[in-house]
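>>> how would this look folded up:
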Amino acid sequence: MDAHRPTGPTLDSLVIGAGQAGLAASYFLRQRGVDHVVLDANPEPGGAWQHRWTSLSMDDVHGVADLPGSSAPTRSRRPANLVVPAYFGDYEREQGLPVLRPVKVSRVEDEGELLVAHAGGHTWRTRTLVNATGTWTRPFVPYYPGVASFAGEQLHTADFPGAEHFRGRRVLVVGGGASAVQLLGEIAPVTETLWVTRRPPVWRDDFDAEAGLAAVTAVEERVRRGLPPASVVSVTGLALRPQEQEAARLGAYDRQPIFERIEPRGVRWADGRFEPVDVILWATGFRPAVDHLAPLGLRTPEGGIALVPVPGNVQGATTSVVDPRVQLVGYGPSASTIGASRAGRQAALAVSRVLTAAAA
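Residues are numbered from 1 along each chain as shown. So this is what the prediction gives:
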């Protein structure tokens, strides 16, 4: 569709982002007969999946949830950055979802009864908004003294070029999440690695439905209080998969505490110990991509966006406390493929309620 043509003078709803959450929201909005479009910043379907590293196979990912009314691809050794985008693209066509791309929304403003999304020199006016922009475009790299002096290479997991890129170079992996474990599993068999984390990693032997609910509930509680959301993975603990056993045998998961400062040729701890490294790989996660919503004033003093809790549905919190016209999916407790699809349904329901109340 023409990415630069606003669809009509006023929409009932506007979805920003066409990843798992955005497509699910669009599906349920169509089911409810809500006039809407989906604006996607990417040139092709696939959301963040199209940008993931080629060595990440469908066997490696935590899982891809079914989109509503569809079945997700099965596990295989095929690259996830090809399989999932193809699945999303087929879904958009089969469902006839109104996706416009590439359209990068720079800001959303409040014009009284309407919200106005700006993208380049174009605007879309809407009665409600569903934000589904995820986190991939906002990789987080913490500051450490001396970081600018490092003479080697620094990169974030968002730009991971594959293990062969690091062969023959000593790699420092910083971060205590699942991505650090996974990338160490790839890099350690081909070169020397060192792993540092701010806190000791928490390993788990099993992870059942009860533990999963407790983890998501912890994230939902933060969002309810208006705190910046922690990732669901951060509260689930870590586990080694079969493909990471060789890295474990090589000692890749012998974690070191975080260093005090970075120097041109390595890192130094408070006790004076120095480790030379050639590469720093920041596996330090992402932040929600919500800067375009700043003009709406949704953030709390604590830095997060508070969402209205849904009793009995910890992944159903999508409605902004400050402005009920705004729904956030794939944010906080719904920041997973399963949670995003569930939140899409809840967001469509909330949009319908807002529209019904406005028409009364």
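
>>> tell me the mean pLDDT over the one helix or strand L82 maps to?
Counting by DSSP states H and E, the element that carries L82 is helix 80-95. In this model, helix 80-95 carries a mean pLDDT of 96.

>>> And for V64, the neighbour number?
20 (other CB atoms under 10 Å). For glycine as for every other residue, the C-beta is placed from the backbone atoms N, C-alpha and C.

>>> so who does it touch?
Going by CB atoms under 8 Å, 6 or more residues apart in numbering, V64 touches Q20, M58, A72, P73, A80, V84, Y87, T337.

>>> most neighbours, which of those residues?
Of the contacts of V64, with other CB under 10 Å as the count, Q20 tops at 31 neighbours.

>>> Can you tell me how far that one is from F88?
Using CB to CB, to the nearest Å, one gets 8 Å for the distance from Q20 to F88.

>>> Need the overlap of contacts for the two.
G47, L67.

>>> quick one on the thing from earlier: now, the most widely separated pair of the contacts of V64?
Q20 and M58 (14.9 Å; CB to CB).

>>> all strands for the stretch 1-150 of the chain, in order.
Secondary structure of the stretch 1-150 of the chain (DSSP state E, counting those that start in this stretch): strands at 13-16, 36-39, 99-100, 107-111, 114-119, 122-126, 129-131.

>>> and of those strands, who's closest to V326?
Across the strands of the stretch 1-150 of the chain, closest to V326 is strand 129-131 (CB to CB), at 5.0 Å.

>>> Following the chain past the closest one, name the next helix or strand.
Following strand 129-131 toward the C-terminus (DSSP H and E): strand 153-156.

>>> any idea how far that following strand is from the chain center?
When distances are taken as CA atoms, centre = their mean, to the nearest Å, strand 153-156 is centred 20 Å away from the chain's centroid.

>>> who does it touch, helix- and strand-wise?
strand 279-282 (3 or more CB pairs under 8 Å, 6 or more residues apart in numbering; DSSP states H and E).

>>> any weak-confidence spans in this protein?
1-8, 62-63, 205-225, 227, 229-237, 312-315, 334-335, 337-338 (pLDDT under 70).

>>> can you rerun that using 80?
Applying pLDDT under 80 to the chain picks out residues 1-9, 62-64, 204-237, 310-316, 332-339.

>>> And the residue nearest the centre of it?
T135 (3.6 Å; CA atoms, centre = their mean).

>>> Leaving out the residues flanking it, which one is nearest to that residue?
F286 (3.6 Å; CB to CB, 6 or more residues apart in numbering).

>>> Contact partners for that neighbour?
T135, W136, R138, P139, F140, A158.

>>> So what touches the helix holding L82?
Taking CB under 8 Å, 6+ apart as the rule, helix 80-95 contacts 18-20, 23, 26-27, 30, 44-47, 49-54, 56-58, 60-61, 64, 67, 69-70, 72-73, 76, 97, 99.

>>> go with 6 Å
With contacts defined as CB atoms under 6 Å, 6 or more residues apart in numbering, helix 80-95 is touched by 27, 45-46, 49-50, 52, 56, 58, 61, 64, 67, 70, 73, 99.

>>> Can you flag the buried ones in the residues you listed?
Buried by 16 or more other CB atoms under 10 Å: Y27, P45, G46, W49, Q50, R52, L56, M58, V61, V64, L67, V99, out of those.

>>> now, which of those lie within helices?
Y27 (DSSP state H).

>>> between the buried ones among the contacts of helix 80-95, which is closest to A148?
R52 (28.1 Å).

>>> Skipping its backbone neighbours, what lies nearest the closest one in space?
N81 (4.7 Å).

>>> Can you get me a residue count around E263?
So E263, with other CB under 10 Å, has 17 neighbours.

>>> contacting residues for the nearest residue to it once chain neighbours are set aside?
Spatial nearest neighbour of E263, excluding adjacent residues (CB to CB, 6+ apart): G146 at 5.6 Å. Taking CB under 6 Å, 6+ apart, we find G146 in contact with R261, I262, E263.

>>> Tell me the spacing between G146 and T284.
17 Å.

>>> do Q243 as well
Where T284 is concerned, Q243 sits at a distance of 23 Å (CB to CB).

>>> The longest helix along the chain: which residues count as buried?
Looking across the chain with DSSP H, the single longest helix is helix 337-359. In terms of neighbour count (16+ other CB under 10 Å), helix 337-359 has its buried residues at 337-352, 354-355.

>>> Likewise for stretch 302-320?
304-307, 309-310, 314-320.

>>> Next: stretch 77-95.
So for stretch 77-95, counting by 16+ other CB under 10 Å, buried means 79-85, 87-89, 91-92, 95.
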